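Asker: Based on what follows, work out the 3D shape:
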Amino acid sequence: MKKIRIAIAGVGNCASSLIQGIEYYRSVKEGDADNALGLMHHNIGGYRPEDIEVVAAFDVDVRKVNKSLKEAVFAKPNCTKIFYADIPDHAVKVQMGEILDGISPHMLDYPDDSRFIPADEKPCDVVKALRDSGADMLINYLPVGSEDATKYYANACIEAGVAFINCIPVFIASDDGWIKRFEDKGLPVVGDDIKSQVGATIIHRMLTKLFMDRGVKIKHTYQLNVGGNTDFLNMLNHSRLKSKKISKTEAVHSQVTHHLTGENIHIGPSDYVSWMNDNKVCFLRIEGNGFGNIPMHLEMRLSVEDSPNSAGVVIDAIRCCKIAKDRGIGGALISPSAYFMKHPKIQFSDEEAREMVEEFIAAKRDK
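Answerer: Alright, predicted model coming up:
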């Protein structure tokens with residue numbers, strides 16, 4: 001099989017986990033079942049994780065710009081766990097991207113290693129860089145709230161003839177105007193806002209559907225998240241959270257089959273605790289009424305390493321995007337987006353979305 005050539009916008013914790021994961025699974029020997037665990041699919045359309053190759057990367061932090069990919073993925077403010085340090089010396093150097101709204105102002109003056117330090121560099125020509133790299137697709141890992149910057153990279157992909165996987169809550173793959181632009185160019189787009197492998201959103205969705213299926217009427221629910229990576233620091237600026245809250249709330253609300261007013265469902269980040277690093281803790285509560293209108297409630301605490309938890313999902317999204325490109329399919333990929341993303345164009349239950357993805361992989365479904 002050919003390689004899957006990817007570009008990355010934002011070489012943060014998520015990019016670090018993805019790149020470590022590609023090399024980790026490359027090192028796993030054939031038949032080593034124990035170490036091959038952790039993937040939803042080891043093979044998608046003939047593509048394995050080790051077939052993914054990073055050919056271009058963009059960032060705006062001085063500790064990453066003009067550095068090799070190997071240096072950049074372990075540079076501050078990245079703080080995710082290092083589970084595979086033997087990253088090869090990539091020929092790829094991180095190029096200076098456009099800042100636009102990619103940095104929240106409060107992060108420039110933060111007094112520890114979590115702060116952003118913008119590079120004093122002229123931004124590169126992203127369209128040219130994508131064309132020159134031969135990238136099949138670009139993975140958008142910019143910070144939450146980077147509306148203008150995400151649209152800039154999405155537009156660059158369209159101009160360069162590159163597919164787009166949008167891992168953040170800016171609405172591209174769920175927006176009719178953007179979908180048509182990608183469709184007109186015959187380019188796949190997957191999004192928006194990546195789900196984790198076993199994270200707060202997918203657990204909240206599954207429990208919500210369980211309550212519905214078992215006849216329990218939900219009255220109130222909340223999901224609060226705490227963490228110590230730059231994603232949580234960035235989200236202390238609540239003005240950047242509008243689309244994030246829409247994305248996470250809709251992902252859960254879509255599984256409720258009765259009317260539930262907005263004041264009775266609260267989903268969003270709660271606080272930043274620097275010493276937690278890339279660990280994320282979710283506190284979840286669902287209150288409802290069951291048989292005989294008797295009240296019940298459920299409380300749950302989930303602790304995960306945030307960035308690796310999403311990397312396995314991105315590896316599947318990349319390979320689904322590639323087989324769509326191989327098949328000449330453009331526009332929003334409905335099945336992969338519904339299963340891998342919080343805010344797809346069309347919401348389905350996770351059970352149904354999983355079946356749709358299996359059909360898409362087997363070429364029994366176009367999108």
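Asker: ok, the lowest-mean-pLDDT helix or strand in the chain: who's next to it in the sheet?
Answerer: In the chain, no helix or strand scores lower on mean pLDDT, DSSP states H and E than strand 265-272, which sits at a mean of 88. When pairing is defined by DSSP bridges, strand 265-272 lines up against strand 217-227 (parallel).
Asker: Next, the residues that contact the partner strand from outside, please.
Answerer: 200-201, 204, 208, 211-212, 232, 248, 252, 256, 258, 260, 264-273, 276, 278-290, 295, 306 (C-beta atoms under 8 Å, 6 or more residues apart in numbering). Placement of C-beta: from N, CA and C, glycine included.
Asker: same check, this time on stretch 229-237
Answerer: Applying C-beta under 8 Å, 6+ apart, the contact partners of stretch 229-237 are 12-13, 77, 79-80, 104-107, 110, 114, 116, 143-145, 225-226, 240-241, 244, 269, 271-274, 276-278, 280, 306-307.
Asker: Recalculate using a threshold of 6 Å.
Answerer: With contacts defined as C-beta atoms under 6 Å, 6 or more residues apart in numbering, stretch 229-237 is touched by 13, 77, 79, 104, 106, 114, 143, 144, 241, 269, 272, 278.
Asker: on contacts alone, who are the packing partners of the lengthiest helix in the chain?
Answerer: Assignment by DSSP state H gives helix 306-326 as the longest helix of the chain. When contacts are defined as 3 or more C-beta pairs under 6 Å, 6 or more residues apart in numbering; DSSP states H and E, helix 306-326 packs onto helix 13-27, strand 163-166, strand 188-190, helix 334-340.
Asker: roughly how far is that helix from the heart of the chain?
Answerer: Computed by C-alpha atoms, centre = their mean, to the nearest Å, the chain-centroid distance of helix 306-326 equals 9 Å.
Asker: can you give me the strands for the chain?
Answerer: 4-9, 52-59, 94-96, 137-140, 163-166, 188-190, 217-227, 265-272, 279-289, 295-305, 331-332 (DSSP state E).
Asker: how many neighbours does the residue nearest to residue 264 when sequence neighbours are not counted have?
Answerer: Among residues not flanking residue 264 along the chain, residue 220 sits closest, at 4.9 Å (C-beta to C-beta, 6 or more residues apart in numbering). Neighbour count of residue 220, defined by other C-beta atoms under 10 Å: 14.
Asker: before we move on, what about residue 88?
Answerer: Neighbour tally, residue 88, other C-beta under 10 Å: 10.
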